[in-house]
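>>> Sequence first, then the predicted structure, then my questions.
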Amino acid sequence: MHTIPSESHLANPVALPESAAAPVTGEAKPRKSYLPGLDTLRAVAALSVCFFHFSGGMMPKLVVPAAKSAFSQGYLGVDIFFVISGFIIPYSLVGKNHRVAGFFAYLKKRVMRINPPAYVSLLLVLGQWFFIDKFINKTSFYTKDLSLGQVVHNLLFTIPFTNYKWISGIFWTLAIEFQFYLFIGLLFNILFGRNLVWFVTLYVLMGLAQFVPALAAAEFFHYSTLFALGGVALLWQQQRIPAWLYAAGLVAFGGLALWQLGLYAALVGVGTAVAINTIKVSIPGFSFLGKISYSLYLLHGLIGTTAEFALVKLLPPTSDARKLLLTAVCLGLAIAGAYVFYLIVEKPFMRLASQNRR
């Protein structure tokens, strides 16, 4: 979802040296620096989702069975984004003396950063729907059930709590991200305070909450261990925990992810948490894609399906080779369109959000 973060800890701080036991919630000596691994991982996540969608049926005229099989696990890119968010959102609060009293200032910054690009992408999807119904199909296939209530709940990311459907298929992940923002904004000081037992306790409780019927619609609980793995990476990056406890945290929350989400998600979650702190160099192409990853995530479906509609008329997909070529062109157009969107929509709101004191 582009853009993204998490946190974690494990163990009784009594067992830690005094420097390691110091919380990351205050203003003393935070370790803040550019982490090149984040952009690389964002790029991998966004590309994985693109490959999964483009090969898996989003563009039905270009499906190649071998490619569909090869990229069948590309949906795990979303899990990478969740781990990154589990790291980067609390990381953004390190050293800022965050307090619950400042919750709304914090939330305002997150909303300014995430929501406007999402809303513009939603408007573009609606525009595509109306154009197809009016000028191509001359029916109301896409728009017949559209209502103001559905649009409003999409804008508020509250579709899981209603009977409406998502307009943009990727918005379900933004809803989970937003639920995580609320969780961190309210509990950051407890999660990352001196007593790391609270980190373990609260994240385990979040995982168990998915089995409470009244909370089932809040999907953050189902994916909470991925965010926790990002938190573990943050505790290690901030030198809050020794190596053995870092490893124990990865194993413990990786095991919970295995139980909660399955083997592939657990492996990707642990791998991402480790990679955040181990990738030390910028990879030019991946750095670029990482910077525009949120825009690419928002727009790839819209641009890809529109491009497919036009391209198959110019070059009929009569062979797998042609289908793969056209898919590559669609991906290139999606990246180009995402870059333009990043410059004219996402980046200005990034600047606006950075001006907010939180």
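Yep, that arrived.

>>> hang on, residue 44 packs against residue 80?
Yes. Using CB atoms under 8 Å, residue 44 is in contact with residue 80, at 6.4 Å. In this view, the C-beta of every residue, glycine as well, is placed from N, C-alpha and C.

>>> neighbour count winner among these two?
residue 80 (24 against 20; other CB atoms under 10 Å).

>>> Under the pLDDT cut-off, which ranges of this structure? List them.
Residue ranges of the chain with pLDDT under 70: 1-32, 357-358.

>>> make it 50
1-21, 26-28 (pLDDT under 50).

>>> Which strand or helix spans the nearest residue to residue 157 once chain neighbours are set aside?
Nearest non-adjacent residue to residue 157, counting by CB to CB, 6 or more residues apart in numbering: residue 175, 3.9 Å away. For residue 175, the host element (DSSP states H and E) is helix 171-191.

>>> next SSE after that helix?
helix 197-208.

>>> Does anything pack onto that next one? Which helices or strands?
Applying 3 or more CB pairs under 8 Å, 6 or more residues apart in numbering; DSSP states H and E, we find helix 197-208 packed against helix 171-191, helix 220-237, helix 243-261.

>>> So which residues of the stretch 1-150 of the chain form helices?
Listed in chain order, the helices of the stretch 1-150 of the chain (DSSP state H, counting those that start in this stretch) span 18-21, 36-56, 65-70, 77-93, 103-131, 148-155.

>>> what residues does the third one touch?
Just to be clear, that refers to helix 65-70. 55, 56, 57, 320, 324, 327 (CB atoms under 8 Å, 6 or more residues apart in numbering).

>>> which among those end up buried?
55, 56, 324, 327 (16 or more other CB atoms under 10 Å).

>>> Which of those sits closest to residue 100?
Nearest to residue 100, judged by CB to CB, of those is residue 56 at 42.5 Å.

>>> tally of neighbours for the nearest residue to the closest one once chain neighbours are set aside?
Closest residue to residue 56 apart from its sequence neighbours, by CB to CB, 6+ apart: residue 68 at 5.5 Å. Residue 68 is flanked by 15 other residues according to other CB under 10 Å.

>>> Okay, angle between the helix holding residue 175 and helix 197-208 too, please.
150 degrees (axes from the mean of the first three to the mean of the last three CA atoms, to 10 degrees).

>>> Check which helices and strands helix 171-191 sits against.
Where contact means 3+ CB pairs under 8 Å, 6+ apart, helix 171-191 is packed against helix 77-93, helix 103-131, helix 197-208, helix 220-237.

>>> Export those to CSV and append columns for distance to residue 244.
Compiled in CSV, the helices and strands packed on helix 171-191 are given as follows (distance: least, CB to CB, whole Å):
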stretch, distance to residue 244
helix 77-93, 20
helix 103-131, 33
helix 197-208, 15
helix 220-237, 11
